[in-house]
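>>> output the structure for:
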Amino acid sequence: MQTRSVKTAEDAAALIAERAIDNVKIGAFDVDGIMRGKYMSREKFLSALKGGFGFCDVVLGWDSNDQLYDNVKYTGWHTAYPDAPVRVLPDTCRDVPFEPSTVMFLGEFAEKAEAVCPRGCLRRVLARADKMGFKVSSAAEFEFFVFDETPHSVREKHYKNLRTITPGFYGYSVLRSSVHAEFYHGLLDMCRRMDFALEGLHTETGAGVLEAAITVDDALASADKAALFKTFAKIYAERQGKMVTFMAKWSHDWPGQSGHLHVSLQDKKGAPVFHDAGKPHSMSDTMRWFVGGQQALMPELLAMVACTVNSYTRLIPGFWAPTASMWGVENRTTALRVIPGSPKSQRVEYRVAAADINPYIAFAAAIGSGLWGIENRIEPPPPVAGNAYAATPDAKDNLPRSLGEAAARLAASKVARDLFGDAFVEHYAATRDWEQREYNKAITDWQHARYFEII
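From the prediction side, this is the model:
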């Protein structure tokens, strides 16, 4: 049996028996989109297939540096960090090319934990779409820098003077990709074999930066693929003696790194609903209202998409990232880019997202806001033509300028609570407030250079 043919618990058990697998790899994604997991014995895994398993809920109560949040209700010292139930997702079974003796499954937090689980949040949004009569297709594309470094060397260098895999600006370079063909082909092969195949991989503009476009799929599968790609691209690189980063912006010398999200809707029979040849830009009423909802809610949902302090260093004029909630047609200076085309290809690109996103949470924001727009028939303002950076946005369309501000906007959003649930909004906004407060404690190199002597 092939791993991607597994659909049920019975299929999974049969595969384990057929391959005589002794240990299974299983993981779930936390609030920051980090895959947390372990190896599980055959006997334990077969038991988990039937009734789930317990996973210390601290993984939903600490940050990307394993520091405990001091401001969340779901878990903490006050609950004594019990186990949270996790359900195994049989249809996520995958081979791991460099671990032929095992297979991998994703898990998803259940019961009380489901309310704050990132994957659970997206599933609730997609259930809303289903009730409205829609199926959702989506795809993510990521830019990431590749370095001739290791986890030890970057720390020894204090993240300074890092050596990228190639020098200089050289977007869409056949020279660079051919010189490093083994690295490219190895990455492409791993992605194909793990079923998050890339439809495109090329150099972007910047030293050592690549862009990968993941093949379109149903929205939940698409988010799984995006999250797995980020995890295993790092694993692949480190196994080659290199490193990649998905920071929104790792250096002021280079442009930031996008994590653009492409979204379209179909009806229950699979027919596209965004295309209407008789309307301007072939945008159906449904698509126009979808864009209207995304545009209107972007400022109050931004913390779900610009999720780190570093995210906001990218959102500045002139660096291929938006500074206000605007939309345009085939316009890469706006936060939302409508891409006209055939009924099948017509879609909207959510361009405010950077590579540092948690794909589940970012897709939930991009899709949920659009569905709200359809429900309320939100008419967007006229599209921006030309340079959006030169346009003067309405005050309500300005994006928050810091993670702390964005977290406060999200916590106060009644629409967010309706879309994602009170528990999720309160938990997630608190984690982003924590992230901002942790940053506020830092004494940066910029502060030393600016103030040490002269003030």
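
>>> got the contact list for the closest residue to Asn398 other than its chain neighbours?
Leaving out its chain neighbours, the residue that sits closest to Asn398 by CB to CB, 6 or more residues apart in numbering is Ala324, at 5.3 Å. For the C-beta atoms, the positions are set from N, CA and C on the backbone; glycine is no exception. Going by CB atoms under 8 Å, 6 or more residues apart in numbering, Ala324 touches Ala335, Ala388, Ala391, Pro393, Asp397, Asn398, Leu399.

>>> one more: Thr164?
Residues near Thr164 by CB under 8 Å, 6+ apart: Phe145, Val146, Phe147, Asp148, Ala207, Gly208, Val209.

>>> ChimeraX command for the buried members of these?
The buried subset of the contacts of Thr164, as determined by 16 or more other CB atoms under 10 Å, is captured in ChimeraX by this line:
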select :145,146,147,207,208,209
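
>>> pull the residues that contact the worst-scoring helix or strand of the chain on mean pLDDT.
Of all helical and strand segments in the chain, the minimum by mean pLDDT, DSSP states H and E falls on helix 445-451, at a mean of 93. Contact partners of helix 445-451, identified using CB under 8 Å, 6+ apart, are not found; the set is empty.

>>> repeat that for 10 Å
Helix 445-451 is contacted from outside by His158, Lys160, His252, Ile443, Thr444, Ile455, using CB atoms under 10 Å, 6 or more residues apart in numbering.

>>> which of the residues you listed lies closest to Thr286?
His252 (41.3 Å; CB to CB).

>>> pull up the gap between that closest one and Glu149, please.
Look at His252 and Glu149: by CB to CB, to the nearest Å, they are 19 Å apart.

>>> those two - which one has more neighbours?
When His252 and Glu149 are compared for neighbours, Glu149 comes out ahead with 23 against 7, by other CB atoms under 10 Å.

>>> what residue, apart from its backbone neighbours, is nearest the more buried one spatially?
Met243 (4.9 Å).

>>> what ranges do the helices span in the stretch 301-450 of the chain?
If you assign secondary structure with DSSP state H, counting those that start in this stretch, the helices in the stretch 301-450 of the chain sit at 359-375, 403-411, 414-420, 422-440, 445-451.

>>> so how far is the helix or strand hosting Leu122 off the chain centroid?
For Leu122, the element it lies in under DSSP states H and E is helix 118-131. The gap between the average C-alpha position of helix 118-131 and the chain average comes to 15 Å, counting by CA atoms, centre = their mean, to the nearest Å.

>>> now swap in stretch 61-75 and tell me
Counting by CA atoms, centre = their mean, stretch 61-75 comes out at 20 Å from the chain centroid.

>>> got the buried residues for stretch 216-234?
For stretch 216-234, a neighbour-count test (16+ other CB under 10 Å) marks 216-217, 219-234 as buried.

>>> which of those residues fall in helices?
219-234 (DSSP state H).

>>> among those, which one lies nearest to Ala28?
Taking CB to CB as the measure, Ala28 sits nearest to Ala227 out of those, at 10.0 Å.

>>> ok, and the closest non-adjacent residue to that closest one?
What sits nearest to Ala227 in space, not counting adjacent residues and going by CB to CB, 6+ apart, is Pro359, at 4.8 Å.

>>> how much space between that neighbour and Ala14?
Going from Pro359 to Ala14 by CB to CB gives 30 Å.

>>> then Arg437?
In this structure, Arg437 and Ala14 are 49 Å apart, going by CB to CB.

>>> one step back: would you agree the residue nearest to Glu149 is in contact with Lys157?
No: the pair Met243 / Lys157 is not scored as a contact, 11.5 Å apart, by CB atoms under 10 Å.

>>> check which residues of stretch 376-384 are buried.
Ile378, Pro380, Pro383, Val384.

>>> residue contacts, the third one?
Taking CB under 10 Å, 6+ apart, we find Pro383 in contact with 280-281, 283, 291, 295, 326-331, 334, 336-338.

>>> ditto for the last one
For Val384, the contacting residues are 324, 326-329, 331, 333-336, 390-391, 393, taking CB under 10 Å, 6+ apart as the criterion.

>>> cool, the second one as well?
With contacts defined as CB under 10 Å, 6+ apart, the neighbours of Pro380 are 283, 288-296, 325-327, 336, 338, 373.

>>> can you tell me the centre-most residue of the chain?
Taking CA atoms, centre = their mean as the criterion, Pro359 is the residue nearest the geometric centre of the chain, at 2.2 Å.

>>> would you confirm that that one contacts Leu261?
Yes: checked against CB under 10 Å, the pair Pro359 and Leu261 is within contact range at 8.1 Å.

>>> any residues in contact with both of the two?
The overlap between the contact sets of Pro359 and Leu261 (CB under 10 Å, 6+ apart) consists of Ser138, Ala140, Ser222, Ala223, Ala226, Ala353.

>>> ok, and the closest non-adjacent residue to the last one?
The shortest distance from Ala353 to any residue that is not its chain neighbour, by CB to CB, 6+ apart, is 4.5 Å, and that residue is Gly259.

>>> cool, and the second one?
Residue nearest to Ala140 in three dimensions, not counting chain neighbours: Ala226, with 3.9 Å by CB to CB, 6+ apart.

>>> the residue nearest to Ala353 and Thr308 touch, don't they?
No: between Gly259 and Thr308 there is no contact under CB under 10 Å: 11.6 Å.

>>> so what sits against both of these two?
Ala248, Ala354, Asp356, Ile357.

>>> between those residues, which is closest to Ile316?
Each of those was checked against Ile316 using CB to CB; the closest is Ala248, at 11.1 Å.

>>> the closest one: what's it in contact with?
143, 256-259, 306-315, 321, 353-357.

>>> that one sits in which helix or strand?
Counting by DSSP H and E, no helix or strand carries Ala248.

>>> now do stretch 3-15: distance from first to last residue.
Chord length of stretch 3-15, first to last residue, is 8 Å (CA to CA, to the nearest Å).

>>> for that stretch, what is the average pLDDT?
When pLDDT is averaged over stretch 3-15, the result is 98.

>>> for it, which positions count as buried?
Applying a neighbour-count criterion of 16+ other CB under 10 Å, one finds Thr3, Val6, Asp11, Ala12, Ala13, Leu15 buried in stretch 3-15.

>>> how about stretch 113-128?
Using 16+ other CB under 10 Å as the test for burial, stretch 113-128 gives 113-126, 128.

>>> just these now: which is nearest Pro272?
Using CB to CB as the measure, the one of these that approaches Pro272 most closely is Leu126, at 17.3 Å.

>>> ok, that closest one to Thr286 distance?
Noted for Leu126: a distance of 17 Å to Thr286, by CB to CB.

>>> Glu211 too?
Distance of Glu211 to Thr286, computed by CB to CB: 30 Å.
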